[in-house]
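**Student:** Task: produce atomic coordinates for the following.
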Amino acid sequence: MKGLRLILVLKEASLALIAACLFLGSLPALAYASGPDSGDPEPIVLANESRILGHWQRGEGEAIIEISEREGIYRGVIVWSQRRPETVGIEVFRELRYDPEEREWHGRAYSIKRKREVPIDIEVPKRDELELTAHILIFKKDVDFKRVPNAQIAARRAKSDL
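**Tutor:** Take a look at the predicted model:
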């Protein structure tokens with residue numbers, strides 16, 4: 001009887017160990033989302049999908065876009081613009097979806113100037129770099145963005161309210 005009990009205990013322990021290995025093996029790799037120069041704390045986030053989250057700006061003085069996720073949908077909204085404050089709140093990146101095989105995002109971008117949407121692909125090769133390719137008819141237009149630390153966003157918003 002003791003031998004049977006020992007076999008059952010070992011079998012249950014083996015199943016628990018296998019289940020734990022399968023669970024841990026399915027977790028994505030972890031990476032630091034913030035660096036020491038960003039002015040933000042250094043939380044741990046998912047390396048690929050969550051890398052796109054944050055504030056992004058194309059060139060100095062251009063609008064700042066915040067890319068966020070809600071209920072599995074990623075989107076980008078203008079949160080600051082000194083030149084065109086009326087554009088704040090407009091969703092410019094829509095329905096962004098991550099393709100793990102290609103390691104890039106696919107979605108649509110809304111052009112405020114042209115009042116139309118175009119397909120886009122986005123890569124985030126480094127923590128502070130975002131490379132966007134807009135597919136306009138048969139042409140491709142590449143645009144580079146840089147991450148804007150949260151401290152700079154708060155300062156710009158405070159300055160704009162004065």
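
**Student:** And the strands in this structure?
**Tutor:** With DSSP state E, the ranges of strands along the chain come out as 30-32, 44-46, 54-57, 64-70, 73-80, 91-99, 104-111, 116-126, 129-136, 139-148.

**Student:** looking at those strands, which is buried most?
**Tutor:** Comparing the strands of the chain by mean neighbour count (mean count of other C-beta atoms under 10 Å), strand 54-57 comes out on top with a mean of 22. Every C-beta, even on glycine, is put in place using the N, C-alpha and C of the backbone.

**Student:** avg pLDDT for it?
**Tutor:** The average pLDDT within strand 54-57 is 96.

**Student:** which intervals of the chain have sub-threshold pLDDT?
**Tutor:** The model of the chain has pLDDT under 70 over residues 1-48, 157-162.

**Student:** what is the closest residue to Arg156 other than its chain neighbours paired to in the beta sheet?
**Tutor:** Excluding its sequence neighbours, the residue lying closest to Arg156 (C-beta to C-beta, 6 or more residues apart in numbering) is Trp80, at 5.3 Å. Beta bridges link Trp80 to Ile64, judged by DSSP bridges.

**Student:** from what I can see Trp80 touches Gly89, true?
**Tutor:** No: the criterion here is C-beta atoms under 8 Å, and Trp80 misses it with Gly89 at 10.6 Å.
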